[in-house]
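Trainee: could you look at this predicted model? Sequence included:
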Amino acid sequence: MWYITGAAVLIALLAWALLQRDVLTSIGIGNQQATSTETSTDTSGGTTASSNLPSGWPSDAPALLSGAKITYSGQSDPKTEIAGPTVVFTASSKPQTAVTFYKSQFTAHGWTFRGQGDDLGSVQLAATKGTRKVTVTILETRSGVLNVTIGISKLGS
């Protein structure tokens with residue numbers, strides 16, 4: 001019985017720590033570059049904000065969700081520290097709508113969908129193309145509001 005209680009406490013602490021890190025990163029505290037911007041809608045139903053995307057952001061990357069507000073743009077994932085261009089944004093949407101959108105974006109941009117997983121309330125999508133992989137993490141922070149991270153890295157990272 002104490003194993004269950006211990007596991008629940010550990011999960012709660014981990015979730016709290018991740019949320020604290022997100023809050024600190026989003027307001028520019030820590031060693032990450034934080035930016036904030038509005039984006040505009042493109043013809044695929046996603047958004048573009050090329051001046052606010054990190055350098056090296058590939059032209060075949062999946063689009064951002066419509067109405068995305070970029071909160072981070074840099075050369076590594078602020079949570080995992082995996083190297084590669086990464087963008088984090090918030091958008092108004094539902095998780096399943098975002099999952100469907102990104103699966104279609106993978107196909108439209110020539111990526112091969114590799115799988116979907118759920119972890120601590122977030123949904124992770126993975127796709128590959130050549131020697132690269134793209135990971136999309138979708139977390140509903142409150143009803144109808146998503147925090148989305150898109151990171152592109154070399155396979156094996």
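Mentor: Yep, it's here.
Trainee: ok, then the element right after the one helix or strand Thr71 maps to?
Mentor: Using DSSP states H and E, Thr71 sits within strand 69-76. Remark: after strand 69-76, the chain's next helix or strand is strand 83-92, criterion DSSP H and E.
Trainee: give me the sheet partners of that following strand and which way each runs.
Mentor: strand 69-76 (antiparallel), strand 145-154 (antiparallel) (DSSP bridges).
Trainee: just the buried positions in it, please.
Mentor: Gly84, Pro85, Thr86, Val87, Val88, Phe89, Thr90, Ala91 (16 or more other CB atoms under 10 Å). All C-beta atoms are positioned from the backbone trio N, CA, C, and that covers glycine.
Trainee: out of those, which is nearest to Ser104?
Mentor: Ala91 (15.8 Å; CB to CB).
Trainee: tell me where this protein has strands.
Mentor: Assignment of strands within the chain using DSSP state E yields the ranges 34-38, 40-41, 46-48, 64-65, 69-76, 83-92, 112-119, 122-129, 132-142, 145-154.
Trainee: and those strands, which is most packed in?
Mentor: Most buried of the strands of the chain, by mean neighbour count (mean count of other CB atoms under 10 Å): strand 64-65, with a mean of 25.
Trainee: same for it, what does it pack against?
Mentor: strand 46-48, strand 83-92, strand 145-154 (3 or more CB pairs under 8 Å, 6 or more residues apart in numbering; DSSP states H and E).
Trainee: and Lys79, how many neighbours?
Mentor: 17 (other CB atoms under 10 Å).
Trainee: pLDDT wise, what is it at?
Mentor: Listed pLDDT for Lys79 reads 83.
Trainee: same deal with Thr43?
Mentor: 37.
Trainee: show residues contacting stretch 141-148.
Mentor: Outside stretch 141-148, the residues within contact range by CB atoms under 8 Å, 6 or more residues apart in numbering are 22, 64-65, 68, 71, 88-95, 98, 136-140.
Trainee: quick one: residues contacting the nearest residue to Gly151 once chain neighbours are set aside.
Mentor: Sequence neighbours aside, Thr86 is the residue nearest to Gly151 in space, at 4.1 Å (criterion: CB to CB, 6 or more residues apart in numbering). Counting by CB under 8 Å, 6+ apart, Thr86 makes contact with Pro54, Tyr72, Ser73, Gly74, Gln75, Ser76, Asp77, Pro78, Thr149, Ile150, Gly151, Ile152.
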